[in-house]
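[1] Sequence first, predicted model second:
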There are 2 protein chains.
Amino acid sequence: MAQVNPTVGDLDGNSRIVVDYARRAHEAGAHLAVFPELMVTGYPVEDLALRNSFVSASVKAVAALAERLAEEGLGELPVGVGYLSRRVGVGERYGQPAGTPQNAFALLYRGRVEITSAKHHLPNYGVFDEFRNFVPGETLPVVRLHGVDVAFAVCEDLWQGGGPVAAARRARAGLLVTLNASPYERDKDNVRMELCQRRAREMGAAVGYVNMSGGQDELIFDGDSLIVDAEGELIARAPKFEEDLFVTDLALPAADDTAAGQEPRSEEPGEAVDGVRVVRHLHSAEPVASYAPDPPVLTPRADPSTDVGDVYRALVVGVRDYARKNGFGSVALALSGGIDSALATTVAVDALGGDRVHVLLLPSKYSSDHSVSDAEDLVKRQGITARTVAIAPIVAAFEESMPLEGLAAENLQARVRGTLLMGLSNQEGHLVLATGNKSELATGYSTLYGDSVGGFAPIKDCWKSLVWELARWRNAEAERTGAVAPIPENSIAKPPSAELRPGQVDTDSLPDYDLLDGLLDAYIGTDKGMRELAIDGYDPELVQRVIRMVDKAEYKRRQYPPGPKISSRNFGRDRRLPITNRWTPRA
Amino acid sequence: MAQVNPTVGDLDGNSRIVVDYARRAHEAGAHLAVFPELMVTGYPVEDLALRNSFVSASVKAVAALAERLAEEGLGELPVGVGYLSRRVGVGERYGQPAGTPQNAFALLYRGRVEITSAKHHLPNYGVFDEFRNFVPGETLPVVRLHGVDVAFAVCEDLWQGGGPVAAARRARAGLLVTLNASPYERDKDNVRMELCQRRAREMGAAVGYVNMSGGQDELIFDGDSLIVDAEGELIARAPKFEEDLFVTDLALPAADDTAAGQEPRSEEPGEAVDGVRVVRHLHSAEPVASYAPDPPVLTPRADPSTDVGDVYRALVVGVRDYARKNGFGSVALALSGGIDSALATTVAVDALGGDRVHVLLLPSKYSSDHSVSDAEDLVKRQGITARTVAIAPIVAAFEESMPLEGLAAENLQARVRGTLLMGLSNQEGHLVLATGNKSELATGYSTLYGDSVGGFAPIKDCWKSLVWELARWRNAEAERTGAVAPIPENSIAKPPSAELRPGQVDTDSLPDYDLLDGLLDAYIGTDKGMRELAIDGYDPELVQRVIRMVDKAEYKRRQYPPGPKISSRNFGRDRRLPITNRWTPRA
């Protein structure tokens, strides 16, 4: 199983990854190599699936990949890949995705595409839009491979009952292999493992689960591929957040054609049950000669306390891959001395190295001494390039032309900073990072075109309370390994402030973050209404005030840069809300 | 039929609209009043549908509305409305919309909800996400109303073959009434009429089509409600883009219970065919006493040459309703003397009145004399509030702190303008309008946080060539009615330039707009690949260059403000593309 990191649209580069890992699998003696869902195109393709020329290019690329594997002496290794295809023989129908694209699977062997199928269950919730982009597949391929019946399915097909899983059980497959592009979410890994275990027991078959790794726009794929045996016992598991080739020996049952209730062996498709027909394919009937298996690989699992560590790694992967995949060699951001920009900088340094992180210190007349000194302390600790530009003269030039007061004057300062940062980016080619957190995004506590400028926002899905946790975790990690703590303690400990007017602190406008984040999570994460929030013990007046802020801030969130998603309820793709909305829960 | 303009989330306000129009319908002697799809909640609700407390509020609101109608003496008038409901009796299922919400229909009568049903076909393409937000309905209500069998369906149910339309035919309904929230698109109106005509002939029943009117975020509902008889003849049609109560007398066949093939009359649901069961309901068996019908209303139709006029009206409605529904009494924008800001200003003045449109003239050292004089000319013609702020001193203050060159220096000027505009907005409370056109959005020919700042972008779905057409059309309209042409001829005639460096014109970076817009429309509007575009006669090198620009600019489009959608292929909700995408068509 190759839990690799393709890039959307890079058909050539993705094919090269397949050849590279197939060679390594072959050299390790594998009898089957499997890659993630939509390996050839990358995931998610979104509405690129509706572009006919892109679908054609993917279909051609997978045929060329089969040939290339054979040319490179890898033709005898069956290679399973995900790719974008189309359903043939069905006409255009009103409301059906144009060109009938499919989220497909292909088994490549001896220079040819040996068998194909397509994902049956198409997720269309949260970050997924697959019912919009694909038409469902209707077959489950069951391949007789060295005398073992191996079924292949794609991602959601494992999550839904019925359909392919039921078909694999009916077909008495000895192994179900699923190709996945399953994004990271806090606490999702054991959900996946438990699902594989349950399905294995339901089917009486081993389950192999290969997942993508790496970041693609807002999605972070965390790898964590695994294999469970027919009793549901975990027997092998790959590391998280890394590319990995994961080779495991499995003892699998020989297919038994004489067993009672067995469907006839044939290349002809079976009857459709629950929308799925089994298609059997004889690849090789002879079992492999017996040999001494390698011991299974069980990467030591994170205990629950490393949940925060996983989040941190997800952010690092997110920044690293967004920069790389979009052609940026460096990033720039504004360092205020506060905790958000301190954490974002640290993530960026871990992702790219200190020499590729450029920070601007942009003090105003309201900046406190500790702001500047804390920022300078961080710069020293992490060895990054820093420049200081005092914004007061520029703010003065604006105010001479257009006198502003109150909030307008506060926002002006943030916008002068944003403009300086974008100027540096345009001049030197850095990707600008916006450093807002999820509590700010939720409540609209940010300045449009000010602190919100940038191409990527590393901590936009982290509540403020999690930002502190992450900073403490990162410093503790440094301590554990005997390194210098990257984040100044004072940036963590001091009360948060936007410093846009004298003596301002966040709690002037917002409740304490512990209280706020709990309430926001309950409202946004679980869709609780006023009554339920009151039962949870939140003051109804506070709930009313906070909910209003959240519902009114959608226009700002729409214009915020993308950032790595780490929770099951983000904004944006996860949760699509009208901008104009007069309703907030009242009772 | 009431083609009214609800606001998303304004349950009270929307209910008031129903009472108001029901009263007017009653006073006009109507026997049935029908309102648009999701009347009570507004459309689209998007992921608000997944918020349990919102669904409950909608269900309560529709019951309260029934009572209120009765209290106001309107209980004898059957009133059909769309609302958000939930399917009861089904458990939560993985991948199914949380809380099983439905896009529902209710018939209100004598203070009660008499019968309900829900939309069966859920569109999930283009701007629609309904498969994500709703579970399908499975019944078609056929109500015996004054001895006539009237079936009720919702929007997409009319567009798809099978399902409710087939059920209405089986049930031998005399009239099918559909509730719609069907957004405006160029040339869509006759598609709708022809659909109604075809369905009427298929069913042998009259079809009544009531549509929403007004703007909601990016969607513009154009009304254009209509009725065709059982032969498919158009017999009445409401105006476009306006709220309207549309009362028509129809001669409808008495239900014939003895006819061969008729299903038994019963309150019990019939058998499901194609996923839809007919549910019959006896409201009143007695025909109304015979009376002299009012002549049908046939609002004179636009001939093809007013296509541009319709676009213009859509933009005006978009600005008017976005401002009003989001609580803005006024707008602000930057007037450059060029055609884009001239048109956007004119649209805003037509939407809100000149006294509520505030413009900034923001000349730089590269601004030509005609820029300033053309802008001043427009200000005079339209009687709006204008202020001039020279940006040179502010730009100089920036450059003293951070010297910038080339593109970085050009963008700086645009960002200084954006910051001034936002300052004015924050100070005085105006909604800022961004004035970019679709050709700029497509190619990324704009400055992030510069000319792209704003809350709403009136012409973002208009190609540059259409911008000129709209300006000419608007001036011709003025001439036709003897008014002053609002747009200076020189703004229309001169070559477009961003004026960010000396002597710059758009054609330095872009091909001629006539050529560019044709190519962009073919690529974005029809998903044509390189080969097809070459067959259309476009130079492959140009195609390659333009396509790259389009595919690379997705990150900018994501951060652009919303704006009224006028074509079937916009960016954003219509077309969801990954930011990171290494693929462009090559062959």
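    Cool, got the structure.

[2] So which residues on the stretch 201-350 of chain A come close to chain B?
    Residues of the stretch 201-350 of chain A lying near chain B by CB under 8 Å from any CB of the partner chain: A:216-217, A:322, A:325-326. Where C-beta positions appear, they are placed from N, C-alpha and C, glycine not excepted.

[3] run the last query once more with 6 Å
    Residues of the stretch 201-350 of chain A lying near chain B by CB under 6 Å from any CB of the partner chain: A:217, A:325-326.

[4] show me the contacts for the nearest residue to A:S182 once chain neighbours are set aside.
    Spatially, and ignoring its direct neighbours in sequence, A:S182 is nearest to A:N211 (5.3 Å; CB to CB, 6 or more residues apart in numbering or on different chains). By CB atoms under 6 Å, 6 or more residues apart in numbering or on different chains, the residues touching A:N211 are A:3, A:180, A:182, A:223-225.

[5] And A:L431, by the same measure?
    By CB under 6 Å, 6+ apart, A:L431 lies in contact with A:323, A:328, A:331, A:455.

[6] Just the pLDDT at it, thanks.
    Looking at A:L431, its pLDDT is 98.

[7] and it, what are its bridge partners?
    On the basis of DSSP bridges, A:L431 is bridged to A:V331.

[8] Distance of it relative to A:H358?
    Going from A:L431 to A:H358 by CB to CB, to the nearest Å gives 10 Å.

[9] now A:R201
    From A:R201 to A:H358 the distance is 53 Å (CB to CB).

[10] These two: who's more crowded?
    Taking other CB atoms under 10 Å in any protein chain shown, A:R201 and A:H358 do not tie; A:H358 has more neighbours (20 against 16).

[11] Pull stretch A:108-124 out as PDB, backbone CA atoms only.
    Taking Å, rounded to 0.1, in the frame of the first residue of the first chain, the C-alpha atoms of stretch A:108-124 are listed here in PDB:
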ATOM      1  CA  LEU A 108      -3.000  -2.300 -14.200                       C
ATOM      2  CA  TYR A 109      -1.100  -5.500 -15.400                       C
ATOM      3  CA  ARG A 110       1.200  -6.400 -18.200                       C
ATOM      4  CA  GLY A 111       1.000  -3.000 -19.900                       C
ATOM      5  CA  ARG A 112      -2.800  -2.900 -19.900                       C
ATOM      6  CA  VAL A 113      -5.800  -1.900 -17.900                       C
ATOM      7  CA  GLU A 114      -7.000  -5.200 -16.700                       C
ATOM      8  CA  ILE A 115     -10.300  -4.300 -15.000                       C
ATOM      9  CA  THR A 116     -12.100  -1.100 -14.000                       C
ATOM     10  CA  SER A 117     -14.900  -0.200 -11.700                       C
ATOM     11  CA  ALA A 118     -16.200   3.000 -10.000                       C
ATOM     12  CA  LYS A 119     -17.100   4.300  -6.600                       C
ATOM     13  CA  HIS A 120     -20.800   3.500  -5.900                       C
ATOM     14  CA  HIS A 121     -21.600   5.600  -2.800                       C
ATOM     15  CA  LEU A 122     -20.900   9.200  -3.500                       C
ATOM     16  CA  PRO A 123     -20.500  11.400  -0.400                       C
ATOM     17  CA  ASN A 124     -22.200  14.800  -0.700                       C
END
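
[12] How about that stretch and chain B, touching?
    Yes: for stretch A:108-124, a contact with chain B is found by CB under 6 Å from any CB, at A:123-124.

[13] Would you mark the buried spots in that stretch?
    By 16 or more other CB atoms under 10 Å in any protein chain shown, the buried positions in stretch A:108-124 come out as A:108-109, A:113-124.

[14] now do stretch A:544-563
    The neighbour-count check on stretch A:544-563 (16+ other CB under 10 Å) flags A:544, A:546-547, A:549-563 as buried.

[15] ok, which of those also contact chain B?
    Near chain B, by the rule CB under 6 Å from any CB, you find A:Q559 out of the buried residues of stretch A:544-563.

[16] The residue nearest to the spatial centre of chain A pairs with what?
    In chain A, the centroid-proximal residue (CA atoms, centre = their mean) is A:I220; its distance is 2.1 Å. For A:I220, the beta-bridge partners are A:G215 (DSSP bridges).

[17] how far away is it from A:S368?
    A:I220 is 35 Å from A:S368, by CB to CB.

[18] Considering the contacts of A:L431, which possesses the most neighbours?
    Of all those, the highest neighbour tally under other CB under 10 Å goes to A:V331, namely 28 neighbours.

[19] Enumerate the helices of the stretch 101-250 of chain A by residue range, in sequence order.
    With DSSP state H, counting those that start in this stretch as the criterion, the stretch 101-250 of chain A has helices at A:130-133, A:156-159, A:164-170, A:188-203.

[20] One more: the stretch 301-450 of chain A?
    Taking DSSP H, counting those that start in this stretch as the test, the helices found in the stretch 301-450 of chain A are A:307-325, A:339-352, A:369-382, A:392-401, A:406-428, A:438-443.

[21] Determine which of those helices approaches A:V8 most closely.
    In terms of CB to CB, the element of these nearest to A:V8 is helix A:307-325, at 8.0 Å.

[22] For the closest one, name the packing helices and strands.
    strand A:213-216, strand A:219-222, helix A:339-352, helix A:464-480 (3 or more CB pairs under 6 Å, 6 or more residues apart in numbering or on different chains; DSSP states H and E).

[23] For B:A153, find the nearest of those.
    Among the helices and strands packed on helix A:307-325, the nearest to B:A153 by CB to CB is strand A:219-222 (37.8 Å).

[24] Distance of the one residue in the stretch 251-400 of chain A that gets nearest to chain B relative to B:P363?
    Proximity of the stretch 251-400 of chain A to chain B (CB to the nearest CB) peaks at A:A397, 3.6 Å away. Distance, A:A397 to B:P363, using CB to CB: 16 Å.

[25] and what of A:S225?
    From A:S225 to B:P363 the distance is 60 Å (CB to CB).

[26] circling back: reformat the contacts of A:N211 as TSV; add neighbour count, distance to B:G354 and pLDDT.
    Below are the contacts of A:N211 laid out as TSV (neighbours: other CB atoms under 10 Å in any protein chain shown; distance: CB to CB, whole Å; pLDDT from 0 to 100):
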residue	neighbour count	distance to B:G354	pLDDT
A:Q3	29	62	97
A:N180	27	58	97
A:S182	26	55	96
A:G223	30	60	95
A:D224	28	61	93
A:S225	29	64	95
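
[27] Adding distance to B:G537, write these out as JSON lines.
    Formatted as JSON lines, those follow (distance: CB to CB, whole Å):
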{"residue": "A:Q3", "distance to B:G537": "46"}
{"residue": "A:N180", "distance to B:G537": "44"}
{"residue": "A:S182", "distance to B:G537": "45"}
{"residue": "A:G223", "distance to B:G537": "48"}
{"residue": "A:D224", "distance to B:G537": "51"}
{"residue": "A:S225", "distance to B:G537": "49"}
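
[28] Among the residues you listed, which one sits closest to A:P540?
    Ranked by distance to A:P540 (CB to CB), the contacts of A:N211 are led by A:S182 at 38.9 Å.

[29] what helix or strand is the residue nearest to A:V34 when sequence neighbours are not counted on?
    Excluding its sequence neighbours, the residue lying closest to A:V34 (CB to CB, 6+ apart) is A:G80, at 4.3 Å. Using DSSP states H and E, A:G80 falls within strand A:79-86.

[30] I'd like the mean pLDDT over that strand, please.
    Taken as a whole, strand A:79-86 has an average pLDDT of 98.

[31] Quick one: list the elements packing against it.
    Counting contacts by 3+ CB pairs under 6 Å, 6+ apart, strand A:79-86 is packed against helix A:52-71, strand A:101-109.

[32] which residues touch the longest one?
    Among residues not part of helix A:52-71, those counted as contacts by CB under 6 Å, 6+ apart are A:11, A:15, A:18-19, A:22, A:40-41, A:48, A:83-86, A:99, A:101, A:106, A:108, A:110-113, B:529, B:585.
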